[in-house]
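# Fold the stuff below for me.
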Amino acid sequence: MSKQRDELHELRLKLSGENASHQKEAVKQVVAYMTVGKDVSSLFTEVLKCMTTEDLEMKKLVYLYLMTYAKFKPDLSILVVNSFIQDAKDENPLVRALAIRTMGSIRVEEVTEYLCQPLRRCLKDDDPYVKKTAALCVAKLFEMDPELIESQGFIEDLLALITDSNSMVVSNALAALQEINSVASKPVFVIDKKNLSKILNAMGEANEWSQVFILDTLSTYTPRNEREAESLIERIIPRMSHKNAAVVLSSVRAILQFMSNIKSKKVLETYYRKMAPSLVSLLTNPPEVQYVALKNINLVVQKYPTILKGSHKVFFCRYNDPTYVKMEKLEILIMLANEDNVEALLKEFKVYAQEVDVTFVRKAVRAIGLAAIKIPSATQRCIKHLLSLIKSQIHYVTQEVVVVVKDIFRKYPNKYESIIGTLCNSLTTLDDIESKSSMIWIIGQYADRIENSEELLESFLETFDEENPEVQLQLLTSTVKLFLHKPEDSQELLQDVLSTATQESENPDLRERAYIYWRMLSTDPDVAKEIILGEKPLIEGTNRKYHIDLLETLLFNIPSLSSVFHKPPENFVTNVKVFLREDEEIENDEEGILQVEEEREKEQEKQQEETTNTNQNIGSLIDFNSESKQQQNQNTQQQRTTHVVQSQDIRQNNNVNQDEYGMGLSKMNVDIPKKLILDAEKGEGLEIKGIFQRRENSIFYELSLTNKTQAPIGGFACVFNTNSFGLKPNGWLLDGVLMPMQTRGSSIPCPIETSHIKHQNDQISNLIQLAIGKDSQVYYCQDEVPFHVLCTEDGKLGRSEFLKAWKDIPDEVESLKEITDLTESNSNIIKLKLENKNIFFVAKRKADELEIMYFSLKTEMAGFVLLELAIDHNSNSIQLATRANNIDFVGMLELEIEKILKEY
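Now for the predicted structure:
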């Protein structure tokens, strides 16, 4: 830390000096620190002084620094406005463009107010580079203040740029308008007949990246008729031969959109033939570009299966292809498979299945199975290849073959069962979840044709309790099928499985399914047989992986992240929009808090209500066999019986329960640094650390024990006393011993007992006492409960609710505290620090030289607590005002807030 302070001090001296070369060197060092994540915001004032320079390189570095740190120093950022305005009038077009771009990138309202005049001038500048930069600046400014853009007429200025003689200006104007359309409440720009021809003409003269913007804009246009659609495609087709993959994919997007307006199959086939060579040529690019191209080709082939007919060899995997490219090529090869090329593809798949990359091999084996399902005439050949792969005795190959054969049986029931014997000989190699489940399904489905089916199932049932839930569910279903096929040989086996699933399992899905089978079999076995062994719908082999609506959405978004990840755009932008509009600054109001719309709060309440209704509707699917349930409850109660600690003192005062994980120690987040509460010297070799943490709407105590001795120790138990907050952590018992230098931890639930909360007349403390029992020894410790873990997740008030609650609390109970010597007084950082502790931001305003912020929080002891933070940036201090109906704990809260704000 001292080394960093020395470096910053040295940089400050250089920046404040008169030597221009030293200043430039210092600015470069500051930007270098900034790019690697070091905080150099403390040099803000010194860097600003370097802005008045004729050195273009240095000016760029200063502007880069401003774009990063201006939002954290809004009050000081206003000092550079005059320099921006002067630079926007500079004779050098690069300086003018740099100034307007930087002003648009600084998201500070005070700077934005002075941007309008320079921006309007730059939009009408003689230099095309300045105009195209100003066009993009309009889009950035619209994101911050849409009303200002509309009122100042900047949208009309952008529309005028579409007619500019420079294609670079046209493309950037279109990009800005499309960006504004994506966030505006209603479209501000729609392509019509008047501007369509101008956009098409600009496309022919534009550079490659300008062409991408123009093509993306054209793809939003809806042709008036089929003839116009064909005309547009003919204008775009030449772009498909471009060497830039982005231009090719943007052309594909536009052409596909226009093709949806063409009904003639003959015309469509013509366009397929013209597009295919360009799509295939994308595979000559580097692997990263190939991957993007393949993900987009995947979508195209799903919509138009014949577009790459006869081009399957281009997608054969090369020896030096990265795995991620090979996997995508395999996907497309499966889609292109047909009766004409299936033989060549099967030979290729079999070669892939003999490679060393396990993931790729599994995919290749699955490709053979998908070919069998998709092309009935090739199924026999596919099975022959699969059986030859089993002979290789490679366990992961055999596992995948079993999975694939199960799907073939589902597609062609009662047709290829002769290979079951070969599969049964490979049971010992099945050790993954999917292959086990598939083999168990085959045994159950064809139990009447497998002579030793009950023995095979019984071998799987030996490890029933240890299996994954998916395997357990399949074992249950297959055992029931076995019983329906061979009731005399498997009745006892079925009884054991049903008893285990209903009485010992903690998996609700397994338990409820077992109850359903039990009731069906006990009520009417014939009906059960008809349902469980009835004919199932056949699986289909199709190219289309996605619903047509989603597929159309993904195709419309070629070549964006949406088409690469195969997810709709809302998954990437919805949260961002909400975030940008959520934190609006509050203007003048007589109480300092505006009563604004409460849509967000209402939506949260609605979601909570839906969740409550859902939880109320969740229950047991069936209610029978009360005798078994009663026995199950008794067993559960016995498992959770109170454990008594050997120490007499602890035994008399507390009950110690095992935790929910059944071992006395639950899961612990080892990344959380813990506080030492008992050192090894006092604990006779036992070291204890702990920390309170809040997660999932509950409080937990993360406790860890370390054996610092050279011998095993055991017999641990821990109990807690209820503290002033009513906090009463559950006790626990550690089974087994702690080996030398071993650390084990527990996450202990800490419920609040409201009846034990202490009030004003009692002695209130944030300490909690605990006793650790080890063999016959007892160690007494105490730890501090941070107040913020008591703050619940539902503590955010709407602005109108906050205003009403503030007025309802008398002024006399308001508590004031001054917090000085803050490390940071920036309101954004303060908001982030407090909201991380469930102290929620409500509103903010300005009064004279103070910035006033309002927060709310909620605890089970004091209900809602309201906070007002008056920030004085000049003195780096805060005047904290607190109002609450229960003021008993306000003092502790004030200390906690001071601690949070002073943390780095």
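# now the helices for the stretch 401-550 of the chain?
Under the criterion DSSP state H, counting those that start in this stretch, the stretch 401-550 of the chain contains helices at 420-424, 433-445, 453-461, 469-485, 487-503, 508-523, 525-532, 548-556.
# nearest to Gln693, of those?
helix 508-523 (27.4 Å; CB to CB). Just so you know, the C-beta spots here come from the backbone N, C-alpha and C atoms, and that holds for glycine as well.
# Which positions within the closest one qualify as buried?
Leu510, Arg511, Arg513, Ala514, Tyr515, Tyr517, Trp518, Arg519, Met520, Leu521 (16 or more other CB atoms under 10 Å).
# Confirm that Gln782 lies within a strand, as I assumed.
Yes - Gln782: assigned to a strand according to DSSP: H, G, I helix; E, B strand; the rest coil.
# for it, which residues make a bridge with it?
Beta-bridge partners of Gln782, counted by DSSP bridges, are Gln769.
# Now do the contacts for it.
By CB atoms under 8 Å, 6 or more residues apart in numbering, the contact list for Gln782 reads Ile677, Leu767, Ile768, Gln769, Leu770.
# Buried ones among those?
Judged by 16+ other CB under 10 Å, buried ones among these: Ile677, Ile768, Leu770.
# Thought Leu727 was touching the second one, still the case?
What that stands for is Ile768. Yes - the criterion here is CB atoms under 8 Å, and Ile768 meets it with Leu727 at 6.2 Å.
# Alpha carbons only: can I get stretch 145-164 in CSV?
C-alpha atoms of stretch 145-164 as CSV (Å, rounded to 0.1, in the frame of the first residue of the first chain):
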residue,chain,number,x,y,z
ASP,A,145,-31.5,11.8,-22.1
PRO,A,146,-34.1,10.9,-24.8
GLU,A,147,-36.2,14.0,-24.2
LEU,A,148,-33.2,16.3,-24.7
ILE,A,149,-32.4,14.6,-28.1
GLU,A,150,-36.0,15.0,-29.3
SER,A,151,-36.5,18.5,-28.1
GLN,A,152,-33.2,19.7,-29.6
GLY,A,153,-34.1,18.2,-33.1
PHE,A,154,-31.1,15.9,-33.3
ILE,A,155,-33.2,13.1,-34.7
GLU,A,156,-34.0,15.3,-37.7
ASP,A,157,-30.3,16.1,-38.1
LEU,A,158,-29.5,12.3,-38.2
LEU,A,159,-32.2,11.7,-40.8
ALA,A,160,-30.7,14.4,-42.9
LEU,A,161,-27.3,12.7,-42.8
ILE,A,162,-28.8,9.7,-44.7
THR,A,163,-28.7,11.8,-47.8
ASP,A,164,-25.0,12.7,-47.3
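# Tell me how far it lies from the chain's centre.
36 Å (CA atoms, centre = their mean, to the nearest Å).
# hang on, the earlier thing: now for the helices of the stretch 401-550 of the chain, which one comes closest to Asp340?
Across these, Asp340 has its closest neighbour in helix 548-556 (25.3 Å, CB to CB).
# now that closest one: mean pLDDT?
Mean per-residue pLDDT for helix 548-556: 89.
# Can you list the helices and strands that that helix packs against?
Applying 3 or more CB pairs under 8 Å, 6 or more residues apart in numbering; DSSP states H and E, we find helix 548-556 packed against helix 245-259, helix 287-303, helix 561-565.
# returning to what we had before: wait, which of the helices of the stretch 401-550 of the chain is closest to Ile809?
Nearest to Ile809, of the helices of the stretch 401-550 of the chain and by CB to CB, is helix 508-523 at 45.4 Å.
# Between helix 487-503 and that closest one, find me the angle.
140 degrees (axes from the mean of the first three to the mean of the last three CA atoms, to 10 degrees).
# Just send the helices of the stretch 401-550 of the chain back as a markdown table, with distance to Ile900 too.
Shown next, in a markdown table, are the helices of the stretch 401-550 of the chain (distance: least, CB to CB, whole Å):
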| stretch | distance to Ile900 |
| --- | --- |
| helix 420-424 | 62 |
| helix 433-445 | 45 |
| helix 453-461 | 55 |
| helix 469-485 | 42 |
| helix 487-503 | 49 |
| helix 508-523 | 40 |
| helix 525-532 | 60 |
| helix 548-556 | 44 |
